[in-house]
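Q: Okay, here's the prediction I keep looking at, along with the sequence it came from:
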Amino acid sequence: MFALVDCNNFYVSCERIFNPKLKNKPVIILSNNDGCVVALSNEAKQLNIPFGSPFFKIQDIIKKHNVFVFSSNYELYSDISFRVMNALLNFSPDIEIYSIDEAFLSFKKFKQNSLTQYCFEIKNKIKKWIGVPISIGIGKTKTLAKLSCEIAKKNPDYKGVFNINECENIEKLFKEIKVEEIWGIGQKQKDKLNKRNIYTIFDYINSDDNWLKINLTIIGLKIKYELKGDICFELNEIPQPKKSIVSSRSFGKDVSNFFELKEAISNYTTIAAEKLRAQNSVTKNISVFIATNRFKKDEPQYANIYTTKLPIATANTGTLIKYAIICLEKIFKPDYKYKKAGVMFTEIISKEKIELNLFEEKNFNDILKEEKLMNVIDKINEKYGNNTIKYLALGLNNLWKMQRNQLSKRYTTNWNEILEINC
DNA sequence: TCTGGGGTCCTAGGACCC
DNA sequence: TCTGGGGTCCTAGGACCC
């Protein structure tokens, strides 16, 4: 049996832990740069604020209904997420952390009824220990657990836990749920299915295998079997190292100046390189992209990406910044107003697998020295805060930086702010 | 004025090999 | 007139997820 644990309105719930005033009030959380709505409390959903809507377009509703607004506080959310996941380990050692606010658990020796009871216990304990409300869905496969969880969230009668195995009339249930509710079926697949008169889960599990495979790929076919209770997607307990790492941001203002762009790219490269080292990897490839504001239709548009192969795979911030800037020089065109830029590492391998290049002067000793330096920098920055030590290329002013005007305190990770809350 | 960021997997088609 | 068959690897782009 699988259970999917999903934190309710996660970002909002994190804010509410430290700010009881927000209870039962409409609350929204904005994306980076205070751009779009990325999380809503139930009260905010009832005001019909759409998920993903641009902040500037909903000012009227915000003012009229006194909606509380916050910038994304990822330091806080990551830390709360870590605590929730750790707490879940008390209930099953078999856990897959699926996203910042979701985890699959698997259970081997439970009887149906007792498992439902057990999940209620999990829900209550997580609320008590950490203060985050959760919903849990139970099923024979991950797809069914995910579906159950959606049902648990939508019907208050279930009080946050739904076990699809206990459903008395599964056929009736499957006839009521539309295909787009299925995990893995998006807009495009929904359109294809509807065109073939497949509208509900019931239709889906009775559709032709061959047609499904040709039109919705092997994944579409696996989903069908998962819905019928055959496991096709296993629990991935061990987090795999990332195969690609991206760091990108929209700017707080338009940027035309090459030097500012260079600063931004150097910053993003630093962030991505830190992630690379954290998983003991190196990259063979680096891409840099820049783009103007696609929403400003009346302004000249330009977007481009340049990829380069590195002579030796590396995770050295200095080397990566050097190549990132070479990439930037290839695509930079003056006189455009840039709104977004980013850095991408795509061919990532374990650092144990570095191969030396015949034509490079570096040897293994050089590489070990570089690695030691990076380790020291990472440790200092971890202890004393981001960018305590940084490359000068990152710049000192960073006028292009994103805006986070509504940021709450880093209640759990910043010592000064912890003192503040306790006082 | 103001529109996010970071991932994964799959497939088709091209290049290349014998 | 008539131009094979089978395989691998790589990449770009699409679709999906949170």
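A: Cool, the structure landed. Numbering: from 1, shown residues only, chains lettered A, B, ... in the order given.

Q: For DNA strand B, what's the nearest residue on the stretch 251-400 of chain A?
A: A:Phe295 (3.9 Å; Cβ to the nearest atom of the strand). Where C-beta positions appear, they are placed from N, C-alpha and C, glycine not excepted.

Q: So that residue: helix, strand or coil?
A: coil (DSSP: H, G, I helix; E, B strand; the rest coil).

Q: For burial, what's the neighbour tally of it?
A: 8 (other Cβ atoms under 10 Å).

Q: Bridged to A:Ile29, which residues?
A: A:Ala39, A:Phe70 (DSSP bridges).

Q: tell me the contacts of it?
A: A:11-12, A:15, A:37-40, A:70-72 (Cβ atoms under 8 Å, 6 or more residues apart in numbering).

Q: most surrounded residue in the residues you listed?
A: Ranked by the number of neighbours (other Cβ under 10 Å), the contacts of A:Ile29 place A:Tyr11 first, at 25 neighbours.

Q: per-residue confidence at the closest residue to A:Ser256 other than its chain neighbours?
A: Spatial nearest neighbour of A:Ser256, chain neighbours left out: A:Lys337 (5.6 Å); criterion: Cβ to Cβ, 6 or more residues apart in numbering. pLDDT for A:Lys337: 95.

Q: For DNA strand C, what's the nearest residue on chain A?
A: Closest point on chain A to DNA strand C, by Cβ to the nearest atom of the strand, is A:Gly186, at 2.3 Å.

Q: count of residues packed around that residue?
A: If you count neighbours by other Cβ under 10 Å, A:Gly186 ends up with 9.

Q: What is the helix or strand where A:Ser287 lies packed up against?
A: Under the criterion DSSP states H and E, the helix or strand holding A:Ser287 is strand A:281-292. Here strand A:281-292 touches helix A:258-278, strand A:303-314, helix A:317-331, strand A:338-345, strand A:348-350, going by 3 or more Cβ pairs under 8 Å, 6 or more residues apart in numbering; DSSP states H and E.

Q: circling back to that earlier point, pick out whichever of the contacts of A:Ile29 sits closest to A:Gly395.
A: Relative to A:Gly395, the closest of the contacts of A:Ile29 is A:Ser71; by Cβ to Cβ it sits at 22.2 Å.

Q: so the closest one touches A:Leu407, yeah?
A: Yes. Between A:Ser71 and A:Leu407 there is a contact under Cβ atoms under 8 Å: 4.5 Å.

Q: isn't A:Gly395 right up against A:Thr270?
A: No. A:Gly395 is beyond contact range of A:Thr270, at 11.2 Å (criterion: Cβ under 8 Å).

Q: okay, the two: which has more neighbours?
A: Each of A:Gly395 and A:Thr270 has its neighbours counted (other Cβ under 10 Å); A:Thr270 has more, 24 against 18.

Q: residue contacts, that one?
A: A:317, A:321, A:387, A:390-391, A:394.

Q: Looking at those, state which has the most neighbours.
A: Most surrounded of those: other Cβ under 10 Å gives A:Thr317, at 27 neighbours.

Q: Not counting residues beside it along the chain, what's closest to that residue?
A: Going by Cβ to Cβ, 6+ apart, A:Thr317 has A:Ala273 as its nearest residue, at 4.5 Å.

Q: what residues are up against that neighbour?
A: Going by Cβ under 8 Å, 6+ apart, the list of residues near A:Ala273 reads A:315-317, A:320.

Q: Near A:Lys322, how many other residues are there?
A: Neighbours around A:Lys322, by other Cβ under 10 Å: 15.

Q: who does the strand holding A:Ser287 pair up with?
A: Here, using DSSP bridges, strand A:281-292 pairs with strand A:303-314 (antiparallel), strand A:338-345 (antiparallel), strand A:348-350 (antiparallel).

Q: Briefly note if it comes near DNA strand B.
A: No. Strand A:281-292 lies out of reach of DNA strand B by Cβ under 7 Å from any atom of the strand, never closer than 9.5 Å.

Q: near DNA strand B at all, the helix or strand containing A:Lys146?
A: According to DSSP H and E, A:Lys146 maps onto helix A:142-154. No. Using Cβ under 7 Å from any atom of the strand, helix A:142-154 never reaches DNA strand B; the gap is at least 13.2 Å.
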